[in-house]
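1. pasting the structure only:
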Ligand SMILES: Nc1ncnc2c1ncn2[C@@H]1O[C@H](COP(=O)(O)OP(=O)(O)OP(=O)(O)O)[C@@H](O)[C@H]1O
């Protein structure tokens, strides 16, 4: 039997801004069901790479395939409907209530309305937030509504760009586990951009490290922790490792 095509694959994909490559000839295949954390220092090209999976950006070279099909020839709206996403700068619609925001993906896809109370509960928000406008929520609460909306899209591919950035550490940890749990239960393919290497190691099956628009590390959390994923990965892993050691030392 032929092997199934990867849920998402990049084939020598580049994206230029003013002549400089934000993403530089990246080749990466993500099988269905995998949970990938995309890490790297600021400006390394993570967001640009993710946005090309959704046709929010178009590559200047190479191809992006979803389930083996080049998305360049597909309707961008269709591609986005087939994707759950929460992006830093694709926020909530300010003129819609929380409930309307959460129901939007299902509505656009012509599916029956989602249970908004359940979606809010999933991300730890009270049901009566449904009638509020986004401006009446804190930054962290808005982020949680964005995650509820992404999870409610029922799409098999979930793209998340720093979804937990505005959250306190306790909520961040809990929501991270919630997303991982839903990923497993719903059989999703998930790509999570995060600046937090500890979060990446704890949540993902695979950690992809970017630097200067290229993939410079690609390994399981276990391999990363064992120092088997290259110098850039080792430098990023050193931070939470050293912090854990210092915490242990304080605790005696
Ligand atoms: N619309 C744009 N116009 C010009 N340059 C851009 C644009 N978007 C991104 N860039 C540049 O491309 C590079 C990669 O940006 P990108 O946002 O993908 O990085 P990132 O790794 O996601 O960064 P961060 O962790 O800070 O979010 C950066 O040098 C950035 O300045």
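-> Received it, and whenever you're ready, just let me know what you need. All values reported here derive from a predicted model rather than from experimental measurement.

2. residues from the protein in reach of the ligand?
-> Contact residues, the chain versus the ligand (Cβ under 6 Å from any ligand atom): 17, 22, 40, 42, 43, 44, 45, 46, 47, 48. Backbone N, C-alpha and C define where each C-beta goes, glycine included.

3. farthest-separated two in these?
-> For the residues of the chain next to the ligand, the maximum inter-member distance is 16.8 Å, found between 17 and 40 (Cβ to Cβ).

4. residue 181: which of the residues of the chain next to the ligand is nearest?
-> residue 46 (23.7 Å).

5. isn't that closest one right next to residue 28, touching?
-> No: between residue 46 and residue 28 there is no contact under Cβ atoms under 8 Å: 11.9 Å.

6. of these two, who's got more company?
-> Neighbours of residue 46 and residue 28, each counted by other Cβ atoms under 10 Å, are more numerous for residue 46; the result is 25 against 18.

7. next one: that one from residue 127, what distance?
-> 34 Å (Cβ to Cβ, to the nearest Å).

8. please identify the helix or strand for residue 100.
-> Counting by DSSP states H and E, the secondary-structure element that holds residue 100 is helix 98-108.

9. immediately after that helix, which helix or strand?
-> Reading on from helix 98-108 to the C-terminus, the next helix or strand found by DSSP H and E is helix 116-122.

10. would you map out the domains in the protein?
-> When the chain is parsed with automatic domain parsing, its domains come out as 1-67+157-218, 83-155.

11. give the contact list for the most centrally placed residue in the chain.
-> Among the residues of the chain, the smallest C-alpha distance to the mean C-alpha position (Cα atoms, centre = their mean) belongs to residue 160, namely 2.2 Å. Contacts were defined as Cβ atoms under 8 Å, 6 or more residues apart in numbering; by that measure residue 160 touches 85, 86, 147, 150, 179, 190, 191, 192, 193.
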